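1. sequence-free structure coming up:
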């Protein structure tokens, strides 16, 4: 993944670093590597989402480790220069700039360190559909609900999850949400 950092233009790499800092500060739920990757590809650069996600994980680890060790900008850049000779100059400049501007804002409270590694809900979309027919049945008229969830995993990568439910399954799903809402009212 480190060799792919060379092909990412400085402005896109800076945007990635900014998103990572925002994620580490809990200002955004995750890094939308799919959207950023698409924009990079549109600019003519060959990179896939998996490679960009690996780079995002590396930079996220770098920033969180630097925050945990309370490194200054110079300490971070010196450490990177000594340990990683494969980083291109523009990437080091971006890391230096972003860390200098926003690095100290990363919260590394004990709660954040001990937080469970679970994903975070970002968005939900739904639609109601009716299957009219299939190759097995001419007159199906079968209603269903399609749910599309956007979830940020613990590393900050945003992924889409979708599933379909029959109407009885949806009613059960809805009933459980009502139960959760009722419990939350008591808190």
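-> Perfect, I can see it now. Note that this is a predicted model, so its numbers are computed, not measured.
2. rest of the way, CA atoms for contacts and neighbours
-> Will do.
3. where does the protein dip in pLDDT?
-> Regions of the chain meeting the criterion pLDDT under 70 cover residues 1-2, 82-86, 107-118, 154-155.
4. As a quick check, tell me the outermost residue of it.
-> Residue farthest from the centre of the chain, counting by Cα atoms, centre = their mean, is residue 138 at 42.9 Å.
5. Look up phi and psi at the residue nearest to that residue when sequence neighbours are not counted.
-> Counting by Cα to Cα, 6 or more residues apart in numbering, residue 132 is the residue found nearest to residue 138 once chain neighbours are left out, at 7.8 Å. Taking degrees, to the nearest 10, you get phi -80, psi -40 for the backbone angles of residue 132.
6. Could I get the contacting residues of residue 132?
-> Counting by Cα atoms under 8 Å, 6 or more residues apart in numbering, residue 132 makes contact with 138, 139, 140, 141, 142.
7. Including secondary structure and distance to residue 166, could the residues you listed go into TSV?
-> Rendered in TSV, the data for those read as follows (DSSP: H, G, I helix; E, B strand; the rest coil; distance: Cα to Cα, whole Å):
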residue	secondary structure	distance to residue 166
138	coil	19
139	coil	17
140	coil	13
141	coil	12
142	strand	8
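8. Identify, from those, the entry nearest to residue 5.
-> In terms of Cα to Cα, no member of these lies closer to residue 5 than residue 142, at 49.2 Å.
9. re the thing from before, reformat the contacts of residue 132 as TSV; add distance to residue 74.
-> Supplementary listing: the contacts of residue 132 in TSV, determined by distance: Cα to Cα, whole Å:
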residue	distance to residue 74
138	71
139	70
140	67
141	66
142	63
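10. Wait, residue 99 touches residue 73, no?
-> Yes - the pair residue 99 and residue 73 passes the contact test of Cα atoms under 8 Å, sitting 6.2 Å apart.
11. Pick out whichever of those two has more residues nearby.
-> Applying other Cα atoms under 10 Å to residue 99 and residue 73 shows that residue 99 carries more neighbours, namely 25 against 19.
12. Quick check: the more buried one vs residue 19, distance?
-> Between residue 99 and residue 19 the distance is 12 Å, computed by Cα to Cα, to the nearest Å.
13. Same question for residue 171.
-> From residue 171 to residue 19 the distance is 38 Å (Cα to Cα).
14. Compare the two (neighbour count), which wins?
-> Using other Cα under 10 Å as the criterion, residue 171 and residue 19 rank with residue 19 on top: 22 against 12.
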